[in-house]
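S.K.: sequence below, structure please.
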Amino acid sequence: MGVTISVTVVLPDGNPASGSDITFLNNSAIFKGSKNWTGTTGKEGTCIWNDMDKGNFGLGDIYVFQANYMDPTNGKEYIGNKTVRIKRDQNVLINLREAQIGETFYLKISNEDLSIVSTLPEGDEIVSVIKELAITTKNKLSHASVMLETYIVESFIRARLKQKNNWNDSFEKLPLGALLKEDEVKKMLGTSFSRRVSILNDLRIAAVHPKGVGTYFEESSIGLGLIKDLISDWFRST
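M.R.: I've put the predicted structure just below:
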């Protein structure tokens, strides 16, 4: 009889979060970030995995569980996580909280915004990458998502510089890290955006993981929120 893992996801009001996306991965050193298991909660807010003591799953190892939920009535996003050492059959309870600014797990870009993006320099290519990003985020491929997010954000920065007539031909061959050090770019981004773009750029290096493992929560959410905010602040109003 194999090990069974049951994960129940609960909203802040105590109701079950039916339809939550769940990801969990082995956080032990030998398997760090090597495999994700994914699922979706049913009517009672629960998802069950049977016969788990096989393959990359190791009894006694530590696992990181993440849950993401979007309220279909108002679009609000909720997140939660729990770290558990699994030695036998396990029931895991995840209490969700409302996501804060910059924490997002779903690529929510309207057709109207895609039309706006398509008018930017290299706009058709950016839209193509955004559509590819929708696939990698759906499959919770964190590092692949970070690479695509960084491309999109860098393209937005270059497009905004040109819109504001602050473009300098010397910027053309600069990588993103060097571009962020330019005075025109720092002024345009401001402190908050500069910090967020720098964090995203650092995460392109596969070895850089703030808490030791490149989870979907830690990495991909940074870029998704940034893309949404840049479109809103820079392009939607122009």
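S.K.: which other helices and strands does the longest helix seen in the chain contact?
M.R.: Criterion DSSP state H: the longest helix present in the chain is helix 142-163. Applying 3 or more CB pairs under 8 Å, 6 or more residues apart in numbering; DSSP states H and E, one finds that helix 142-163 makes contact with helix 123-138, helix 176-179, helix 183-202, helix 216-230. Where C-beta positions appear, they are placed from N, C-alpha and C, glycine not excepted.
S.K.: just give me the neighbour total for the closest residue in space to residue 10 that isn't next to it in sequence.
M.R.: Spatially, and ignoring its direct neighbours in sequence, residue 10 is nearest to residue 95 (5.4 Å; CB to CB, 6 or more residues apart in numbering). Residues within reach of residue 95, counting by other CB atoms under 10 Å, total 16.
S.K.: check which helix or strand covers the closest residue to residue 7 other than its chain neighbours.
M.R.: Spatially, and ignoring its direct neighbours in sequence, residue 7 is nearest to residue 92 (4.6 Å; CB to CB, 6+ apart). Element membership of residue 92, judged by DSSP states H and E, is strand 90-95.
S.K.: which residues touch that strand?
M.R.: Residues from elsewhere that reach strand 90-95, judged by CB atoms under 8 Å, 6 or more residues apart in numbering: 3-10, 12, 22, 65, 67, 80-82, 84.
S.K.: nearest to residue 183 among these?
M.R.: Nearest to residue 183 among the contacts of strand 90-95 is residue 81, at 39.1 Å by CB to CB.
S.K.: separation between the closest one and residue 186?
M.R.: 33 Å (CB to CB, to the nearest Å).
S.K.: got the domain boundaries for this structure?
M.R.: The record's domain split for the chain, according to automatic domain parsing, is 5-98, 111-235.
S.K.: got any ranges where this structure has weak pLDDT?
M.R.: For the chain, applying pLDDT under 70 flags the ranges 1, 28-36, 53-57, 101-106, 138-140, 205-220, 237-238.
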